[in-house]
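Q: I would like the atomic coordinates for the input below:
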Amino acid sequence: FMAIVVNKPIPEFDANATGGIKVSNTSHLGHVMVMYFYPKDNTPGCTTEAMQFRDHYKDFEKAGATVFGVSRDNMKSHDEFKAKLELPFELIADTEEKMCHMFGVVKNKIMYGKKVKGIERSTFLIGADGILKAEWRGLKVPG
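A: Numbering: from 1, shown residues only. Below is the predicted model:
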């Protein structure tokens, strides 16, 4: 698979989001896209993070940006998480980890003495021209 590179176009991808929305590398050309990857629906850190994106959503809208949350959870989990927090943006179900690998957010973590594949909390800014403008990796959530 192709990996992403800052200042280069996003490689081809196809994904499904809540609200029956299809998201691909060309679906939002003409709009800035903010994609944030997070480990799991309904965990405390991810809930805090989703609420921060929700509470600053108007700022993203003013900037003309479309926000997507991305995790490996399935659509049912996403729909419930979105409804529970009243999120004004859609969540992408990357159940096969295709986007997680493409964006390079899959990391080996040690949990309880075992090696597990975890998702590194990261945010990516994609320009209206489909080019990756910036990346913020390994984010820590306050709270």
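
Q: going by C-alpha atoms from here, please, whenever you check contacts or count neighbours.
A: Noted.

Q: Pro9 touches Leu132, doesn't it?
A: Yes. With contact defined as CA atoms under 8 Å, Pro9 and Leu132 form a contacting pair (6.0 Å).

Q: between those two, who's got more neighbours?
A: Leu132 (22 against 16; other CA atoms under 10 Å).

Q: what's the helix or strand for that one?
A: strand 132-136 (DSSP states H and E).

Q: show me which residues of that strand are buried.
A: For strand 132-136, the neighbour count (16 or more other CA atoms under 10 Å) marks 132-133, 135 as buried.

Q: do stretch 100-120 as well
A: Here stretch 100-120 shows 100-106, 118-120 as buried, counting by 16+ other CA under 10 Å.

Q: where does the protein have low pLDDT?
A: 1, 141-143 (pLDDT under 70).

Q: now the strands for it?
A: Per DSSP state E, the chain carries strands over the ranges 14-17, 21-24, 32-37, 65-71, 90-93, 106-111, 114-119, 122-126, 132-136.

Q: how far off centre is stretch 119-127?
A: 6 Å (CA atoms, centre = their mean, to the nearest Å).

Q: correction: stretch 22-38
A: Put simply, stretch 22-38 sits 9 Å off its chain's centre (CA atoms, centre = their mean).

Q: may I have that stretch exported as CSV, CA atoms only?
A: Provided in CSV are the C-alpha atoms of stretch 22-38 (Å, rounded to 0.1, in the frame of the first residue of the first chain):
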residue,chain,number,x,y,z
LYS,A,22,-18.6,7.4,1.0
VAL,A,23,-15.2,9.0,1.6
SER,A,24,-12.3,8.7,-0.9
ASN,A,25,-9.2,10.5,-1.9
THR,A,26,-11.3,12.5,-4.4
SER,A,27,-14.6,12.7,-2.7
HIS,A,28,-13.9,16.0,-1.0
LEU,A,29,-11.7,17.9,-3.5
GLY,A,30,-12.4,21.6,-3.2
HIS,A,31,-12.8,21.2,0.6
VAL,A,32,-10.2,21.1,3.3
MET,A,33,-10.4,17.8,5.2
VAL,A,34,-9.3,17.2,8.8
MET,A,35,-9.0,13.5,9.6
TYR,A,36,-8.3,12.4,13.1
PHE,A,37,-7.4,8.8,13.9
TYR,A,38,-8.3,7.5,17.4
